[in-house]
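Chemist: let me see the structure of the following:
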Amino acid sequence: MEYRDVQYTLEEDERGWQWTVVLGSPPKIEYGHAPTKGIAILKVWAAIDRVLGSRQFRRLRSVRPKP
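Modeler: Residues are numbered from 1 along each chain as shown. Modelled structure (predicted):
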């Protein structure tokens with residue numbers, strides 16, 4: 001599956017849904033577990049947004065003019 005051009009996986013097991021995504025540079029694997037597929041998707045999307053948001057914040061902060 002894909003969200004914001006980042007690939008992630010969802011797998012169903014006996015307890016619910018396992019999600020996995022590789023983020024950042026250097027690459028870091030993040031994973032988690034959720035009782036339902038919908039919650040798993042929301043959790044992986046939040047992880048992706050957290051990493052992409054921090055990159056955008058650093059980029060904006062670095063181009064801010066100095067007083």
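Chemist: residue contacts, the one residue sitting closest to the centre of the chain?
Modeler: With distances taken as CA atoms, centre = their mean, residue 48 lies nearest the centre of the chain, 2.1 Å away. Counting by CB atoms under 8 Å, 6 or more residues apart in numbering, residue 48 makes contact with 3, 4, 6, 8, 21, 23. Heads up, the C-betas are built off the backbone N, CA and C, glycines and all.
Chemist: so how do I select the buried members of those in PyMOL?
Modeler: Buried residues among the contacts of residue 48 (16 or more other CB atoms under 10 Å), as a PyMOL selection:
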select buried, resi 6+8+21+23
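Chemist: could you dump the contacts of residue 48 to TSV with secondary structure, pLDDT and distance to residue 35?
Modeler: Shown next, in TSV, are the contacts of residue 48 (DSSP: H, G, I helix; E, B strand; the rest coil; pLDDT from 0 to 100; distance: CB to CB, whole Å):
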residue	secondary structure	pLDDT	distance to residue 35
3	strand	91	20
4	coil	87	24
6	strand	89	23
8	strand	95	18
21	strand	94	19
23	strand	85	23
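Chemist: and residue 42, how far from residue 26?
Modeler: Distance from residue 42 to residue 26, counting by CB to CB, to the nearest Å: 26 Å.
Chemist: more neighbours: which of the two?
Modeler: Neighbour totals were compared for residue 42 and residue 26, and residue 42 leads with 13 against 4 (other CB atoms under 10 Å).
Chemist: can I take it that the more buried one is in a strand?
Modeler: No: Residue 42 sits outside any strand when classified using DSSP: H, G, I helix; E, B strand; the rest coil, being helix.
Chemist: and it, how far is that from residue 8?
Modeler: Taking CB to CB as the measure, residue 42 falls 12 Å from residue 8.
Chemist: who touches both of the two?
Modeler: Overlap of the contact sets of residue 42 and residue 8 (by CB under 8 Å, 6+ apart) is empty.
Chemist: all strands of the protein, in order?
Modeler: In the chain, the segments counted as strands under DSSP state E are 2-3, 6-13, 16-23, 28-34.
Chemist: which neighbouring elements make contact with the first one?
Modeler: The one in question is strand 2-3. With contacts taken as 3 or more CB pairs under 8 Å, 6 or more residues apart in numbering; DSSP states H and E, strand 2-3 sits against helix 37-62.
Chemist: I am finished for the moment; much appreciated.
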